[in-house]
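In: Quick one: sequence and predicted model below, then my questions.
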Amino acid sequence: GQNIDQPTEMTATEGAIVQINCTYQTSGFNGLFWYQQHAGEAPTFLSYNVLDGLEEKGRFSSFLSRSKGYSYLLLKELQMKDSASYLCAVRDTLTGGGNKLTFGTGTQLKVEL
Amino acid sequence: EAGVTQFPSHSVIEKGQTVTLRCDPISGHDNLYWYRRVMGKEIKFLLHFVKESKQDESGMPNNRFLAERTGGTYSTLKVQPAELEDSGVYFCASSQDWTLRDARFGELFFGEGSRLTVL
């Protein structure tokens, strides 16, 4: 079966750094995505990892270890607008060029003053 | 550039009624997906179109759900008859063709979702 685990909620302080973990057990692996979703809005793409290691993009970084079935999203210099749900998703197949993603339930991040 | 648009944003219907959700993908995106999030659960894949053809419909819950994509442009998802457990947010997403060397590798662009409430 497919299983993706991430914490339900996290709270952090403005200006700080927060790490959101994601572990996965899927029948296949062809990339891991992180999406951000503000309440009532569309999920928006943050990062993509397919090889082991760290991908950095501005204040956001994402790490992947395929052997451990583990990823994390690192957010630096937190801002109030970073309060949102962060979704970890794994693409398990490449059949037909598809993006059939398996999602975790999301981590609701609250940034406080 | 216009993003993925969905209509209606919210629909409230009674059990047994029919509802049709519409999705307009980003122009030029051949790939169109439907996903669904039931309250408290994760977003789950329903199906995938490549142009007008159904590539993968393994996530469709049952035959009360019918998805179409006429002419390979917009798509509709019909639920008939609706049941209580169909309540949730239905997301549409689209992506362009991608190659293995594309750093964003088929990034999905999501719409804001259509919230369906079945009473």
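Out: Good, I have the coordinates. Numbering: from 1, shown residues only, chains lettered A, B, ... in the order given.
In: Check the gap between B:Leu21 and chain A for me.
Out: Using Cβ to the nearest Cβ, to the nearest Å, we find B:Leu21 at a distance of 15 Å from chain A. The way it works is simple: take the backbone N, C-alpha and C, and place the C-beta from them, glycine included.
In: I'd like the next helix or strand past the strand or helix carrying that residue.
Out: Using DSSP states H and E, B:Leu21 sits within strand B:19-24. Downstream of strand B:19-24, the first helix or strand assigned by DSSP H and E is strand B:31-37.
In: For the helix or strand of chain B with the lowest mean pLDDT, list the C-alpha coordinates in PDB.
Out: Least confident element among the helices and strands of chain B, by mean pLDDT, DSSP states H and E: strand B:53-56 (a mean of 91). Coordinates of the C-alpha atoms in strand B:53-56 are reproduced here as PDB (Å, rounded to 0.1, in the frame of the first residue of the first chain):
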ATOM      1  CA  SER B  53      -8.400  10.300 -23.400                       C
ATOM      2  CA  LYS B  54      -8.600   8.800 -20.000                       C
ATOM      3  CA  GLN B  55      -5.100   7.700 -19.200                       C
ATOM      4  CA  ASP B  56      -5.700   6.400 -15.700                       C
END
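In: That one near chain A at all?
Out: Yes: Strand B:53-56 is in contact with chain A by Cβ under 8 Å from any Cβ of the partner chain, via B:55-56.
In: Okay, now the unreliable bits of the chain?
Out: Using chain A. Counting by pLDDT under 70, chain A shows low-confidence ranges at A:1, A:94-98.
In: actually chain B
Out: For chain B (pLDDT under 70), the answer is B:1, B:98-106.
In: So which residues of it form strands?
Out: With DSSP state E, the ranges of strands along chain B come out as B:5-7, B:10-13, B:19-24, B:31-37, B:43-50, B:53-56, B:65-68, B:75-79, B:88-95, B:109-110, B:114-118.
In: Can you convert the ones you listed into CSV and add a column each for mean neighbour count?
Out: Formatted as CSV, these follow (neighbours: other Cβ atoms under 10 Å in any protein chain shown):
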stretch, mean neighbour count
strand B:5-7, 18
strand B:10-13, 14
strand B:19-24, 19
strand B:31-37, 25
strand B:43-50, 22
strand B:53-56, 15
strand B:65-68, 16
strand B:75-79, 20
strand B:88-95, 24
strand B:109-110, 21
strand B:114-118, 19
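In: Rebuild those strands as TSV, extending it with distance to A:Tyr35.
Out: Formatted as TSV, those follow (distance: least, Cβ to Cβ, whole Å):
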stretch	distance to A:Tyr35
strand B:5-7	17
strand B:10-13	22
strand B:19-24	18
strand B:31-37	11
strand B:43-50	9
strand B:53-56	20
strand B:65-68	22
strand B:75-79	21
strand B:88-95	10
strand B:109-110	8
strand B:114-118	18
